[in-house]
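>>> Just a sequence and a predicted model for now, questions to come.
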Amino acid sequence: MHNPLEQFLIKPIIKLDFFGYDISFTNSSLCMAIVSFSLCVFMIFVAKYLKVVPSKTQAFFESLHGLIVNMIRDNVGEAGIKFFPIIFSIFLFVLFANLLGMLPYSFTVTSHIAVTFALAIFLFSMITITGFAMHGRHFLKLFLPDGIPLWLAPLIIVIEICAYITKPFSLALRLAANMTAGHILLKVMASFAVSMWAIFKLAPIVVVTMLIGFEFCIALLQSYIFAILTCVYLNDAVNLH
């Protein structure tokens, strides 16, 4: 049985060195470039060929557009619609990266905490800057809700600050852990199917087929969860809840 963790190894394609720092173009970089390029091509194609009676591709993106708009309105309100471009972009990037990772000989960039944490830190920074830009120093009231007794305030402030700081960690770990666990399970079951005798191969093949379908659902679900948690955190900055 092959090591199921081999699929997560980052391998350099073009080795580059910048003053002692390794900035090589890797398989992870390649997959992120493919995802970004594919998104640009799809969106340009859809925008250029809009029809009154939508094609399947247009209908697909319109359904995703409606999904994110409703998500923002439900969790942030009308004031959050201005943040639609960034939330929609993050949602599509995570979705396409998850789906690309399901293809043979590809690489799942969202299984690496470095990628998911970079996305989470970017969103966390944007949300924090938005909070201060909209409310000024009153944004700090987020760490001390109204009605808290004065003697309890220091403890509540520490708890709220810790909870706020851990948000990007939970956002990043949830996505990376789910994508990693699913791909490891697929690799293990596929190895069983290869190593077993022919008469016993049917059972693991059926299980692997079912797991592949399940993983496609997980890919969509995790991108949705990533986007909706972003909206929930954004709501704290916009509405100070």
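Good, I have the coordinates. Numbers count the residues shown, from 1 in each chain.
>>> Which stretches in the chain count as helices?
For the chain, the helices defined by DSSP state H occupy 27-48, 56-75, 84-100, 113-135, 153-165, 167-195, 202-239.
>>> Make TSV out of those and add mean pLDDT, mean neighbour count and distance to Q7.
Using the backbone N, CA and C atoms, a C-beta is placed for each residue, glycine as well. Shown next, in TSV, are the helices of the chain (pLDDT from 0 to 100; neighbours: other C-beta atoms under 10 Å; distance: least, C-beta to C-beta, whole Å):
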stretch	mean pLDDT	mean neighbour count	distance to Q7
helix 27-48	87	15	10
helix 56-75	86	15	28
helix 84-100	91	20	13
helix 113-135	90	17	15
helix 153-165	87	12	32
helix 167-195	82	18	6
helix 202-239	85	17	13
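>>> Just send those back as JSON lines, with distance to S106 too.
As requested, these are exported to JSON lines (distance: least, C-beta to C-beta, whole Å):
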{"stretch": "helix 27-48", "distance to S106": "6"}
{"stretch": "helix 56-75", "distance to S106": "21"}
{"stretch": "helix 84-100", "distance to S106": "5"}
{"stretch": "helix 113-135", "distance to S106": "14"}
{"stretch": "helix 153-165", "distance to S106": "34"}
{"stretch": "helix 167-195", "distance to S106": "11"}
{"stretch": "helix 202-239", "distance to S106": "12"}
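>>> out of the ones you listed, nearest to F8?
Nearest to F8 among those is helix 167-195 (6.9 Å), distances taken as C-beta to C-beta.
>>> so how far is that closest one from its chain's centroid?
In terms of C-alpha atoms, centre = their mean, to the nearest Å, the centre of helix 167-195 is found 14 Å from the chain centre.
>>> who does that helix touch, helix- and strand-wise?
The contact analysis (3 or more C-beta pairs under 8 Å, 6 or more residues apart in numbering; DSSP states H and E) places helix 167-195 against helix 113-135, helix 202-239.
>>> hmm, try it at 10 Å
helix 84-100, helix 113-135, helix 202-239 (3 or more C-beta pairs under 10 Å, 6 or more residues apart in numbering; DSSP states H and E).
>>> Switch these over to JSON lines; also include distance to L185.
JSON lines is the format used below for the helices and strands packed on helix 167-195 (distance: least, C-beta to C-beta, whole Å):
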{"stretch": "helix 84-100", "distance to L185": "15"}
{"stretch": "helix 113-135", "distance to L185": "19"}
{"stretch": "helix 202-239", "distance to L185": "6"}
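>>> can you tell which of the ones you listed is closest to A181?
Of these, nearest to A181 by C-beta to C-beta is helix 202-239, at 9.4 Å.
>>> tell me the angle of the closest one relative to helix 167-195?
Counting by axes from the mean of the first three to the mean of the last three C-alpha atoms, to 10 degrees, helix 202-239 lies at 170 degrees to helix 167-195.
>>> Work out the gap between helix 202-239 and the centre of the chain.
9 Å.
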